[in-house]
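Enquirer: Provided below for reference: sequence and predicted model.
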Amino acid sequence: DTEVTQTPKHLVMGMTNKKSLKCEQHMGHRAMYWYKQKAKKPPELMFVYSYEKLSINESVPSRFSPECPNSSLLNLHLHALQPEDSALYLCASGRDTEKLGKLFFGSGTQLSVL
Amino acid sequence: AQSVTQPDIHITVSEGASLELRCNYSYGATPYLFWYVQSPGQGLQLLLKYFSGDTLVQGIKGFEAEFKRSQSSFNLRKPSVHWSDAAEYFCAVVPYNQGGKLIFGQGTELSVKP
């Protein structure tokens, strides 16, 4: 299994809603990432988890809250988002952050905030 | 400032023609270098990477890239483009000693004419 699975594929939420994005991999990878990608723009790094510990937070607003409950799962909890947070949210995994050989990306969650 | 630059926003080539996509980086020490491809609405797929050693790197789908330290460049090439190569191409770097921090260039959109 060489897949990174993200659910849901599409999400529409209001600014007062609380929702969560989920990412799962079963490749034994110990590094997991959240990226945000606006249309026609490159992915922007949000968070990096290494061995289930948050190792990089790229000054992301607190309305985004990551969680890594185990080595296979990565969640992104969303609360009180703004319309400008509408984007494609990509999850990725890799063997670990030191041996950055190859990142496997999921297909993303397309988020619309109304 | 540290950056990775893709000078061409959009390139159109005829099917069967050769292709070169440009990438320049500006970092004190040579970073790890990558090329990724993204089809519409999809995640990213790694084409090839350079860490050290042979400066001509072979990747998947017939792509290759050449690292030129003197020019701070890592250009992507393909001798004969297929219609299925139409996609967005991202050059990316992991700066030296910043394991886990994959940073993308602005991307080059490739269109292929029949």
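Expert: Received the coordinates, thanks. Residues are numbered from 1 along each chain as shown, chains lettered A, B, ... in the order given.
Enquirer: Quick check: the residue sitting nearest the centre point of chain A vs A:Gly106, distance?
Expert: Central residue of chain A (CA atoms, centre = their mean): A:Trp34, 3.0 Å from the mean position. Distance, A:Trp34 to A:Gly106, by CB to CB, to the nearest Å: 10 Å. For glycine as for every other residue, the C-beta is placed from the backbone atoms N, C-alpha and C.
Enquirer: between these two, what contacts are shared?
Expert: A:23, A:90-91 (CB atoms under 8 Å, 6 or more residues apart in numbering or on different chains).
Enquirer: Around chain A, pick out the residues from chain B.
Expert: Contacts of chain B with chain A, taken as CB under 8 Å from any CB of the partner chain, map to B:32, B:41-46, B:49, B:90, B:94, B:99-107.
Enquirer: and chain A, which of its residues are near chain B?
Expert: A:4, A:31, A:33, A:40-45, A:48, A:50, A:55-56, A:90, A:92, A:97-98, A:100-103, A:105-108, A:110.
Enquirer: Is B:Ser73 in contact with B:Leu21, as I believe?
Expert: No - using CB atoms under 8 Å, B:Ser73 is not in contact with B:Leu21; the gap is 10.9 Å.
Enquirer: So between the two, which is more surrounded?
Expert: The neighbour comparison of B:Ser73 against B:Leu21 (other CB atoms under 10 Å in any protein chain shown) goes to B:Leu21, with 23 against 17.
Enquirer: tell me the contacts of that one?
Expert: So B:Leu21 contacts B:6, B:8, B:11, B:35, B:75-77, B:89, B:91, B:108, B:110 (CB under 8 Å, 6+ apart).
Enquirer: rerun at 6 Å
Expert: B:76, B:89, B:108 (CB atoms under 6 Å, 6 or more residues apart in numbering or on different chains).
Enquirer: any idea how far B:Ala87 is from it?
Expert: In terms of CB to CB, B:Leu21 sits 11 Å off from B:Ala87.
Enquirer: Then A:Leu103?
Expert: 17 Å.
Enquirer: Neighbour count for the two, which is higher?
Expert: Shown here are A:Leu103 and B:Ala87; by other CB under 10 Å, A:Leu103 has more neighbours (27 against 20).
Enquirer: Quick check: that one touching A:Arg95?
Expert: No - taking CB atoms under 6 Å as the definition, A:Leu103 is not a contact partner of A:Arg95, at 9.5 Å.
Enquirer: Tell me what A:Lys22 is bridged to.
Expert: A:Thr7, A:Asn75 (DSSP bridges).
Enquirer: what's around it, how many residues?
Expert: Per other CB under 10 Å, the neighbour tally for A:Lys22 reads 16.
Enquirer: ok, now the one 5 residues further on?
Expert: If you count neighbours by other CB under 10 Å, A:Met27 ends up with 14.
Enquirer: isn't there a strand covering it?
Expert: No - counting by DSSP: H, G, I helix; E, B strand; the rest coil, A:Met27 falls outside a strand, being coil.
Enquirer: what separates it from chain B, distance-wise?
Expert: 14 Å (CB to the nearest CB, to the nearest Å).
Enquirer: And that residue, what's its pLDDT?
Expert: Per-residue confidence (pLDDT) for A:Met27: 93.
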